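Peer 1: Okay, here's the prediction I keep looking at, along with the sequence it came from:
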Amino acid sequence: MIRLPSPLLPVLILLLSILCVPIHLAHGADQFIVFIHTGSVPPNNMLVKQIAGTLVANGFLVRAPDDDKNLEYGPGVEYFDDSARAKAEEVAKAVNEVFAKADLAKLGISKDRVGKITARKLNIKSNPPSYLGLWLFCGGEGPSCGPPR
C-alpha cells in the first residue's frame, strides 16, 4: 500500500480529474466529462491547459487533451442528448471567455485557428448523455474558422 503525505492528496485528486479517472464526487451522477480535442495545436499548449483548468474549476471532469481533428464540423462543443445542451453551452461560453482574454501570439497560436465555439447536437446514441466533445482549433486539412455549422 502506498501512503501519500496529506499535502499531496489535493494535487493527486486534481491530476486524476484531469486524466479523467472516474471519481464521482458528491454530485457524481450529474458530472459531465469533457473530451478535449486540440486539432492543429499541440495538446500541451498553455492555452489548452488554461481551458482544461477553467473547465475543472467549473465542475467538469476533463480528459487529457488529444490532437484529434474534426474534419467535418470544425471547432465546437458536441453533445449527444438534449439534456446536455445547457452544459455544452456552458462549456462553449467558458472557452470563448478564455479565448477572449488570451494573448494568442504569445501562446504560439495564429488568430485564424481560433473561431467562436458553439454547442451542437450530434445524434450518436452510443455516447452517454454526460459526454461532451470539445473541438478547439481550426486549420490543417479541416474546415476554416468561418461561421459555425
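Peer 2: It's in. All values derive from a computational prediction rather than experimental measurement.

Peer 1: so Ala100 sits in a helix?
Peer 2: Yes: residue state for Ala100 (DSSP: H, G, I helix; E, B strand; the rest coil) corresponds to a helix.

Peer 1: For it, give its distance to Leu47.
Peer 2: From Ala100 across to Leu47, the span is 12 Å (CB to CB, to the nearest Å). Placement of C-beta: from N, CA and C, glycine included.

Peer 1: The two: which is more packed in?
Peer 2: Leu47 (22 against 8; other CB atoms under 10 Å).

Peer 1: correct me, but Leu47 touches Val98?
Peer 2: Yes: Leu47 is within contact range of Val98, at 7.2 Å (criterion: CB atoms under 8 Å).

Peer 1: Which stretches in the protein count as helices?
Peer 2: 9-18, 46-57, 85-101 (DSSP state H).

Peer 1: Now tabulate those helices in TSV and tack on mean pLDDT and distance to Pro75.
Peer 2: TSV is the format used below for these (pLDDT from 0 to 100; distance: least, CB to CB, whole Å):
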stretch	mean pLDDT	distance to Pro75
helix 9-18	51	21
helix 46-57	95	12
helix 85-101	95	9
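
Peer 1: Run through who's touching stretch 38-46.
Peer 2: 36, 47-48, 64-70, 75, 107-109, 113, 135-140, 142 (CB atoms under 8 Å, 6 or more residues apart in numbering).

Peer 1: No further questions, thank you.
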